[in-house]
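Undergrad: Structure of the sequence below:
(2 chains)
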Amino acid sequence: GDSVTQMEGPVTLSEEAFLTINCTYTATGYPSLFWYVQYPGEGLQLLLKATKADDKGSNKGFEATYRKETTSFHLEKGSVQVSDSAVYFCALSTDNAGGTSYGKLTFGQGTILTVHP
Amino acid sequence: EAGVVQSPRYKIIEKKQPVAFWCNPISGHNTLYWYRQNLGQGPELLIRYENEEAVDDSQLPKDRFSAERLKGVDSTLKIQPAELGDSAVYLCASSPRTSGRVETQYFGPGTRLLVL
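TA: As a prediction, the model looks like this:
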């Protein structure tokens, strides 16, 4: 079945440091890949996505590139801010149009990011 | 545009009691999802609706969980009777349903359930 593995957390950084959160996946079909973020006390929000190999998703200074050859979708940001402190989830959804698994998001376990001033 | 609305936000019950969660999706979104998120883990799908039809309920523990989406809009998820292991955050999400690639899912704030 489909699965997503994220790097072990939590991650603690100083403001303006470089961020990488690793994500690898296994999928039976051709997945779309997502990063969701959960700020304290709030619901999950889509951060960025990529739907085919070599696509780069980007938003709010975050980037992730869909690497089919390494089955990875690592999240990066060049300079983190205190306001980036949150839980980050990597997820995939298999494009299995018409199948029962269509649209089902499979999530990683989440990575807690804390950024200190 | 209003987001996905869920209620209640928090619920504390004793084991063996029933509990229900309500979700109102984004207007016009045909697809509705219920996920369960255990502490320290990512959400896991319980059930997916296309309009009023449950098209994927393979992960729903049917002995104690039930769900409905009357008229293809609001949805209710019920647990009866609740067990200690049901303590979790229950998330509702919705997405527009179009042919082709997977659509983005929009999540509500969740209902945090504690079973004592």
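
Undergrad: And the residue of chain B that's closest to chain A?
TA: B:G42 (2.9 Å; Cβ to the nearest Cβ). Any C-beta I mention is one placed from the backbone N, CA and C, and that applies to glycine too.

Undergrad: Wait, B:R9 touches B:G108, no?
TA: No - contact criterion Cβ atoms under 8 Å: B:R9 and B:G108 do not qualify, at 9.8 Å.

Undergrad: Those two - which one has more neighbours?
TA: B:G108 (23 against 11; other Cβ atoms under 10 Å in any protein chain shown).

Undergrad: Note down every partner strand of the lowest-mean-pLDDT helix or strand in chain B and its orientation.
TA: Lowest on mean pLDDT, DSSP states H and E among the helices and strands of chain B sits strand B:53-56, with a mean of 88. Strand B:53-56 has its sheet partners listed here by DSSP bridges as strand B:44-50 (antiparallel).

Undergrad: The residue of chain A found nearest chain B bridge partners, please.
TA: Relative to chain B, the nearest point of chain A is A:F107 (2.9 Å; Cβ to the nearest Cβ). Counting by DSSP bridges, A:F107 is bridged to A:A91.

Undergrad: re the thing from before, how distant is the least confident helix or strand of chain B from the center of its chain?
TA: 13 Å (Cα atoms, centre = their mean, to the nearest Å).

Undergrad: Stretch B:89-99 now?
TA: With Cα atoms, centre = their mean, you get 9 Å for stretch B:89-99.

Undergrad: Can you tell me which residues in chain A are near chain B?
TA: A:4, A:32, A:34, A:36, A:42-46, A:49, A:51, A:89, A:91, A:93-95, A:97, A:100-105, A:107-110 (Cβ under 8 Å from any Cβ of the partner chain).

Undergrad: Go ahead and list the helix or strand containing the most centrally placed residue in chain B.
TA: Centroid-nearest residue in chain B: B:W34, 2.7 Å away (criterion: Cα atoms, centre = their mean). B:W34 belongs to strand B:31-37 when assigned by DSSP states H and E.

Undergrad: Contacts made by that strand with the rest, please.
TA: A:103, A:105, B:23, B:25, B:43-50, B:67, B:69, B:75, B:77, B:88-97, B:103, B:105, B:110 (Cβ atoms under 8 Å, 6 or more residues apart in numbering or on different chains).

Undergrad: Next step: those residues restricted to strands.
TA: Counting by DSSP state E, the contacts of strand B:31-37 place A:105, B:23, B:44-50, B:67, B:75, B:77, B:88-95 in strands.
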